[in-house]
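> can you look at this prediction? I've put the sequence above it.
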Amino acid sequence: MTSLSGHAGAHAVAVAQRYGVATMFTLSGGHVFPLYDGAVKADPPMRLVDVRHEQTAVFAAEATARLTRTPGLAVVTAGPGVTNSVSAVTGAWFNGAPLVVLGGRAPDYLWGKGALQELDHVPLLAPVTKRAWTEHLTAAIAGSVDEAFRLALTPHRGPVFCDFPLEAIYGTELVDLPPDAGRMPPPAPGDGDDVAAIAALLGAARRPVLVLGSDVWLGGAETAALSCAEALRLPVITNGQARGVLPRGHSLLVTRARSVALAEADLVIVVGVPLDFRLRYGSFGPKDAPAKVVHVADSPGGIATHVPLAASASGDLAAFFGALADACGQRPVGDMEWLAGLRGTARAAVAADTPLLETEASPIHPMRVYGELLRQLDDDAVVIGDGGDFVSFAGRVIEPAFPGRWLDPGPYGCLGTGLGYALAARLAHPSSQIALMLGDGAAGLSLMDVDTLVRHNLPVVMIVGNNSAWGLEKEPMRAIYGYDVAADLRPGTRYDEVVRALGGAGELVTAPDDIAPALRRAFDSGVPYLVNVITDVAAAYPRTTTGV
């Protein structure tokens with residue numbers, strides 16, 4: 001049994017460190033000063049990264065969780081500190097990221113009298129967290145923080161919120177640290193009968209497809225997933241942070257044949273991702289012969305209920321893949337001509353991109369930006385997308401060599417994630433390239449936090465696709481009404497000069513041949529560097545779904 005002395009802020013930090021937390025993301029506020037004092041005086045000290053907007057602190061904590069698979073920690077002050085964080089917490093909720101947000105709160109002894117920033121935060125956070133509550137007792141704060149981290153890390157993972165009245169967090173007590181603090185129970189195994197049913201479906205399928213989602217990475221199942229796919233010779237589509245589970249160029253990776261695969265399959269096994277708008281809500285196969293659908297999640301509550309399922313399974317995903325391969329006899333399933341056809345379709349799609357990746361068109365086509373970037377990215381680079389059309393092109397052509405090296409806002413679609421994600425990526429991978437792809441609309445939501453990158457000496461390369469429009473809205477509105485409004489931004493805005501004014505560096509690019517040397521200067525600079533590329537507003541991403 002470990003005893004903790006001092007104020008409750010020190011207690012909270014001690015518990016967080018038991019769960020592997022090394023960094024506290026925050027924006028300064030008096031209600032949470034004891035948490036800062038606890039971080040500074042901890043042994044070893046916990047790193048404090050202070051940002052310019054609370055949502056950036058939460059985005060950074062979420063990205064830390066998604067990149068490192070250890071929980072992220074954000075600390076926000078009372079009132080507007082908490083309300084400024086809500087959209088970011090919601091993004092973490094949709095992404096299943098193990099995140100703990102600790103908040104300040106007006107003192108209990110003044111409650112109801114109109115104290116500074118007096119607001120009951122819990123009802124605001126309850127719908128978008130695994131649990132939200134107020135801990136009123138100094139002596140109970142260590143236990144509440146322990147419970148918060150345990151909840152955040154228990155599948156299905158997600159954000160947890162706990163706030164502390166001022167007198168509770170400033171109060172001092174001698175408390176015993178929970179003896180199992182920082183130790184998680186082993187993941188729950190799945191049901192063998194569920195695996196057997198899925199194996200039987202695979203044995204009868206001629207055109208199976210395996211879809212892998214972010215929870216495969218977050219659950220540490222990437223090696224088991226790759227081994228299972230290779231043993232069964234299953235064509236694989238990767239989604240979210242499962243990108244890279246099968247590295248680019250792998251013979252089973254058919255993400256670029258996604259439309260054909262999902263439209264013609266007779267069995268689709270979806271693991272670690274909801275059956276939402278990204279996956280046709282679970283409707284696959286030909287209209288006259290719909291595919292059988294199998295959904296596998298890390299917890300029973302994640303299994304889809306809005307679509308008929310041929311089978312399902314829940315529990316530890318690594319164990320599931322091992323059991324499935326064994327149940328199928330470690331032998332190939334399906335028709336090998338089906339796999340060969342999908343591979344051919346995928347190769348053709350990649351080849352069809354070549355003209356745009358190399359185009360000399362002016363204004364610059366967004367794909368030319370990625371043609372140049374792909375030549376300069378290292379295998380261990382972390383690529384982050386924050387935007388609409390510009391980032392959609394990135395998602396089409398950038399295929400990581402390793403899992404956990406791609407970050408985007410996820411299904412909630414909240415823009416403004418970029419700077420928080422980027423600073424977390426630099427801390428998580430200090431020797432890797434960090435490339436942040438920003439639409440010019442998204443840049444306006446978070447670019448002030450370049451100041452945070454500069455103050456904390458966190459070099460990141462930012463590439464803005466500057467087409468002077470909200471492209472994701474402009475073209476659809478034109479298609480519906482024949483015109484668009486509220487979709488234009490100022491042409492030629494000098495986002496690079498904004499970064500220079502904040503202490504970083506950058507440059508403007510208007511010609512295709514200038515992209516490559518600008519990117520080389522950015523990666524070599526060792527400072528936060530923004531390459532502001534003026535792109536063609538008419539080069540809209542060819543969408544097959546709007547998500548509505």
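Structure's in. What do you need?

> which residues of the stretch 51-200 of the chain fall in helices?
Using DSSP state H, counting those that start in this stretch, the helices of the stretch 51-200 of the chain run over 54-68, 80-83, 86-95, 122-125, 141-153, 166-170, 192-204.

> and the ones you listed: which comes nearest residue 312?
Of all these, it is helix 192-204 that lies closest to residue 312, at 6.7 Å by Cβ to Cβ. Every C-beta, even on glycine, is put in place using the N, C-alpha and C of the backbone.

> so what's the gap between the closest one and the chain middle?
Chain-centre distance of helix 192-204: 31 Å, with Cα atoms, centre = their mean, to the nearest Å.

> show me what that helix packs onto, helices and strands only.
strand 267-271, strand 292-297, strand 311-314, helix 317-327 (3 or more Cβ pairs under 8 Å, 6 or more residues apart in numbering; DSSP states H and E).

> okay, the angle between that helix and strand 292-297?
Between helix 192-204 and strand 292-297, the angle comes out at 140 degrees (axes from the mean of the first three to the mean of the last three Cα atoms, to 10 degrees).

> strand partners of the next helix or strand after helix 192-204, parallel vs antiparallel please.
For helix 192-204, the succeeding helix or strand toward the C-terminus, using DSSP states H and E, is strand 208-212. Sheet pairing here is set by DSSP bridges, and for strand 208-212 it gives strand 236-238 (parallel), strand 267-271 (parallel).

> figure out which of those strands is closest to residue 395.
That would be strand 236-238 among those, by Cβ to Cβ, at 11.1 Å.

> can you tell me what sits against that closest one?
Residues from elsewhere that reach strand 236-238 (Cβ atoms under 8 Å, 6 or more residues apart in numbering): 209-212, 229, 244-246, 250, 252-255, 258, 261-262.

> about what we covered before: mind putting the helices and strands packed on helix 192-204 into a markdown table with mean pLDDT, mean neighbour count and distance to residue 526?
A markdown table is the format used below for those (pLDDT from 0 to 100; neighbours: other Cβ atoms under 10 Å; distance: least, Cβ to Cβ, whole Å):
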| stretch | mean pLDDT | mean neighbour count | distance to residue 526 |
| --- | --- | --- | --- |
| strand 267-271 | 98 | 26 | 40 |
| strand 292-297 | 98 | 25 | 43 |
| strand 311-314 | 98 | 22 | 46 |
| helix 317-327 | 97 | 22 | 38 |
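
> turn those into a markdown table, columns for distance to residue 89.
What follows is the helices and strands packed on helix 192-204, written out as a markdown table (distance: least, Cβ to Cβ, whole Å):
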| stretch | distance to residue 89 |
| --- | --- |
| strand 267-271 | 26 |
| strand 292-297 | 21 |
| strand 311-314 | 25 |
| helix 317-327 | 25 |
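
> of those, which is nearest residue 219?
Closest to residue 219 of the helices and strands packed on helix 192-204 is helix 317-327 (Cβ to Cβ; 4.5 Å).

> list the buried ones in stretch 8-27?
Neighbour counts over stretch 8-27 (16 or more other Cβ atoms under 10 Å) mark 8-19, 21-27 as buried.

> what is the end-to-end distance of that stretch?
Taking Cα to Cα, to the nearest Å, stretch 8-27 runs 19 Å from one end to the other.

> what mean pLDDT does that stretch have?
For stretch 8-27, the mean pLDDT works out to 97.

> would you map the strands across the stretch 351-500 of the chain?
382-386, 406-407, 434-439, 461-466 (DSSP state E, counting those that start in this stretch).

> could I get the ones you listed as JSON lines with mean neighbour count?
Converted to JSON lines, the strands of the stretch 351-500 of the chain look like this (neighbours: other Cβ atoms under 10 Å):
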{"stretch": "strand 382-386", "mean neighbour count": "27"}
{"stretch": "strand 406-407", "mean neighbour count": "26"}
{"stretch": "strand 434-439", "mean neighbour count": "28"}
{"stretch": "strand 461-466", "mean neighbour count": "28"}
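
> need these in JSON lines (columns: mean pLDDT and distance to residue 54).
Output for those, formatted as JSON lines (pLDDT from 0 to 100; distance: least, Cβ to Cβ, whole Å):
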{"stretch": "strand 382-386", "mean pLDDT": "98", "distance to residue 54": "17"}
{"stretch": "strand 406-407", "mean pLDDT": "97", "distance to residue 54": "19"}
{"stretch": "strand 434-439", "mean pLDDT": "98", "distance to residue 54": "20"}
{"stretch": "strand 461-466", "mean pLDDT": "98", "distance to residue 54": "21"}
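
> please produce JSON lines containing those strands, extended by distance to residue 521.
Formatted as JSON lines, those follow (distance: least, Cβ to Cβ, whole Å):
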{"stretch": "strand 382-386", "distance to residue 521": "19"}
{"stretch": "strand 406-407", "distance to residue 521": "24"}
{"stretch": "strand 434-439", "distance to residue 521": "14"}
{"stretch": "strand 461-466", "distance to residue 521": "10"}
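
> now the closest residue to residue 184 other than its chain neighbours: how far from residue 183?
Spatial nearest neighbour of residue 184, excluding adjacent residues (Cβ to Cβ, 6 or more residues apart in numbering): residue 153 at 5.6 Å. Using Cβ to Cβ, to the nearest Å, one gets 11 Å for the distance from residue 153 to residue 183.

> neighbour count: these two, which is higher?
Neighbours were counted for residue 153 and for residue 183 using other Cβ atoms under 10 Å; residue 153 has more, 20 against 10.

> what pLDDT is listed against the more buried one?
The predicted local confidence for residue 153 is 97.

> next one: residue 543
pLDDT, residue 543: 69.

> try residue 190
You'll see residue 190 listed with a pLDDT of 87.

> low-scoring stretches of the stretch 1-150 of the chain, by residue?
Applying pLDDT under 70 to the stretch 1-150 of the chain flags the ranges 1.

> quick one: residue 233 and residue 339 touch, right?
Yes. Residue 233 is in contact with residue 339 according to Cβ atoms under 8 Å; the separation is 6.4 Å.
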